[in-house]
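Asker: Quick one, what's the 3D model for this:
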Amino acid sequence: MIDIVDEAPVHVGAREALLDLSFGEERFTKTSERLREGRLPVFAFAALDESGKLVGTVRLWSVADRNGFQSLLLGPLAVDPACRGSKVGDRLMRHALNQAALHGHGSVILVGDLPYYARFGFEAGLLDDVSLPGPVAYERFLAVEFAPGHVAGLDGVLSAAGLMDLAAPAATSEDLFAVSKLA
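Answerer: Model (predicted):
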């Protein structure tokens, strides 16, 4: 049995180990990571197995366009390789999207594989007037709307929004634009 819970401080080490296992060190070089650095997620969920071991994670972050219009950026989503195929990722995604919708967020965006994320309502081609502050494979730039027309209201380059993580080291302007991999 898998439980989906709000991420707690006790999960941080296991979450980071799972993300390292799933994405490697290059995860820190992605454009999406630039939008997460130094911020607190709006939502953070952990999937725990019956022993309490963290076997999955997903987080959502606040981003805003040049006019301050906001959306949520989902990611990363990771599942322990031993649990793949048992719908842990599906449960995490559905829980995260349900919480976003229940709390009144108009849309969620991400950079990912359409064949996987389409089952959750994500579509390509909705973000033609939006860009990220670094290289992105725009055919992988996906969105799902909870409020009709919400994504159409986004315009320009997205930037990090939301609460600062006061425990995180301060990023320099060089850090913010030193992106070498696609999101």
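Asker: isn't S159 right up against S131?
Answerer: No. In this structure, S159 is not within contact of S131 by Cβ atoms under 8 Å, at 10.8 Å. To be clear about C-beta, it is placed using only N, CA and C from the backbone, and glycine gets the same treatment.
Asker: buried set for the biggest helix by length in the chain?
Answerer: Longest helix of the chain, by residue count under DSSP state H: helix 88-102. Neighbour-count burial for helix 88-102, with 16 or more other Cβ atoms under 10 Å as criterion, is recorded at 88-89, 91-93, 95-97, 99-101.
Asker: Repeat that for stretch 125-133.
Answerer: Buried, per 16+ other Cβ under 10 Å, within stretch 125-133: 126-127, 130-132.
Asker: Over to stretch 45-59?
Answerer: 45-49, 54-59.
Asker: Likewise for stretch 13-28?
Answerer: Neighbour counts over stretch 13-28 (16+ other Cβ under 10 Å) mark 14-15, 18-19, 22, 27 as buried.
Asker: Dump the C-alpha coordinates for it into PDB.
Answerer: Provided in PDB are the C-alpha atoms of stretch 13-28 (Å, rounded to 0.1, in the frame of the first residue of the first chain):
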ATOM      1  CA  GLY A  13      17.200  13.400   2.400                       C
ATOM      2  CA  ALA A  14      15.300  10.500   0.900                       C
ATOM      3  CA  ARG A  15      13.800  12.900  -1.700                       C
ATOM      4  CA  GLU A  16      17.200  14.200  -2.700                       C
ATOM      5  CA  ALA A  17      18.600  10.700  -3.000                       C
ATOM      6  CA  LEU A  18      15.600   9.600  -5.200                       C
ATOM      7  CA  LEU A  19      16.000  12.700  -7.400                       C
ATOM      8  CA  ASP A  20      19.800  12.000  -7.800                       C
ATOM      9  CA  LEU A  21      19.000   8.400  -8.700                       C
ATOM     10  CA  SER A  22      16.300   9.300 -11.200                       C
ATOM     11  CA  PHE A  23      17.900  12.400 -12.900                       C
ATOM     12  CA  GLY A  24      21.600  12.500 -11.800                       C
ATOM     13  CA  GLU A  25      23.600  15.600 -11.300                       C
ATOM     14  CA  GLU A  26      22.400  17.200 -14.600                       C
ATOM     15  CA  ARG A  27      19.100  17.900 -12.900                       C
ATOM     16  CA  PHE A  28      20.700  21.000 -11.300                       C
END
